[in-house]
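Novice: Okay, sequence plus prediction incoming.
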Amino acid sequence: MQRDASAGGWREHIVIYAALVANLGIAVAKFVAAAITGSSSMLTEGVHSLVDSGNQALLLHGEHRAKRPPDKLHPFGYGRELYFWSFVVAILIFGAGAGVSLYEGYVHFTDPHPIEDPTINYIVLGFAFALEGTSWGIALKEFGQAKGDTHWWRAVRDSKDPSTFIVLFEDSAALAGLIVAAIGVWASVTFKIPELDGAASMVIGLILAGVAALLAREAKGLLIGEPADPDLVARIRAIVASEPSVLHVNHVRTIHTSPDAIFAAISADFEDGVTLGEGEAIIERLETRLREAVPALSSIYVRPEKREDAKDH
């Protein structure tokens, strides 16, 4: 699953921009409500939205850095910077988001402060839910279009562009957190048990910790290096195998250097009678055909190698 490389400008990053604008507005509203009412879950939600705002800024920074062209220090480009910053985002969600939520929840659970009037909390939570819901809807639509007919979970596992699914998971966690915060405020006031507000904050922290662990695992895989889609690899193999002078395609190894760039290393057994000059012409022809068929191939390495000498690993 790949994003549309033809998109440009703000439209290319609409998911991130929508989430950033929503979270900045929500963070201000939540902090005001927390200051007025003293609600632990509202303070936790404010920190959550502030962390999410920072995360979107980091993703935009990563997208910008990843577009730099190759140079002597990085001959395959800077595409993996996006994967690095995605991993940083996951760590921030865990450390700043989940950590602060659990700490604040524990403090207010052991030293509770009753909420006198929850009205402003409900207003802010409703406002936040509307904005988060809008951002979530945009992220869901964009991700749904990108994944095509692929199952949702499989699409996340196979995606090489972490920006969209990170925002989708962040917004999903935010909506769940808002629901938990609302329940915590309502229950603490209705049952006159202020500890429930602190307990809600800890539940929010656990939700964020779970999302952070999931995102960190996906970002780690991309950072280490993941292969191209199996169907794309099969297409590459078929093109090479169709060359008359190629007796056998030993292996096709690929790795994503960015969401839209793939490095391919191909080992093929050529006919014994092929001369050095003919081999060069064949390889050039194959590279041209491969780039026409798979535009995402940024670098191609074709190695003539006897079938019996090729390693399978």
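Specialist: Right, received. Where do you want to start? Residues are numbered from 1 along each chain as shown.

Novice: Please enumerate the strands of the chain.
Specialist: 246-258, 261-270, 297-304 (DSSP state E).

Novice: Next, work out how far apart the nearest residue to Thr134 once chain neighbours are set aside and Ala181 are.
Specialist: Closest residue in space to Thr134, ignoring its immediate chain neighbours: Ala22 at 6.6 Å, by C-beta to C-beta, 6 or more residues apart in numbering. All C-beta atoms are positioned from the backbone trio N, CA, C, and that covers glycine. Ala22 is 16 Å from Ala181, where distance means C-beta to C-beta, to the nearest Å.

Novice: State the pLDDT value of Ser6.
Specialist: Here, the pLDDT recorded for Ser6 equals 39.

Novice: Revised request: answer the last question for Leu131.
Specialist: 90.

Novice: residue contacts, Leu82?
Specialist: Shown in contact with Leu82 (C-beta atoms under 8 Å, 6 or more residues apart in numbering): 59, 62-63, 65-66, 161-163, 258-259.

Novice: 10 Å instead?
Specialist: With contact set as C-beta atoms under 10 Å, 6 or more residues apart in numbering, Leu82 has these partners: 59, 61-67, 160-163, 219, 222-223, 258-259.

Novice: What's the separation between the nearest residue to Ala139 once chain neighbours are set aside and Leu131?
Specialist: Leaving aside its sequence neighbours, Ala139 sits nearest to Leu168 (C-beta to C-beta, 6+ apart; 4.2 Å). Distance, Leu168 to Leu131, using C-beta to C-beta: 15 Å.

Novice: What about the contacts of Leu82, which are in helices?
Specialist: 59, 61-66, 162-163, 219, 222-223 (DSSP state H).

Novice: What residues does the residue most central in space within the chain make contact with?
Specialist: Computing the C-alpha centroid of the chain and ranking residues by C-alpha atoms, centre = their mean puts Pro162 first, at 2.2 Å. Contacts for Pro162 (C-beta under 10 Å, 6+ apart) come out as 59, 62, 82-83, 85-87, 89-90, 156, 169, 215, 218-219, 221-223, 259.

Novice: Kindly recompute the last result at 8 Å.
Specialist: Pro162 neighbours (C-beta under 8 Å, 6+ apart): 82-83, 86, 215, 218-219, 222.

Novice: now the residue nearest to Thr134: how far from Ala212?
Specialist: Distance from Ala22 to Ala212, by C-beta to C-beta: 20 Å.

Novice: Least confident secondary structure element in the protein?
Specialist: helix 9-12 (a mean of 52; mean pLDDT, DSSP states H and E).

Novice: Tell me the buried residues in stretch 218-231?
Specialist: Using 16 or more other C-beta atoms under 10 Å as the test for burial, stretch 218-231 gives 218-219, 222, 226, 228-229.
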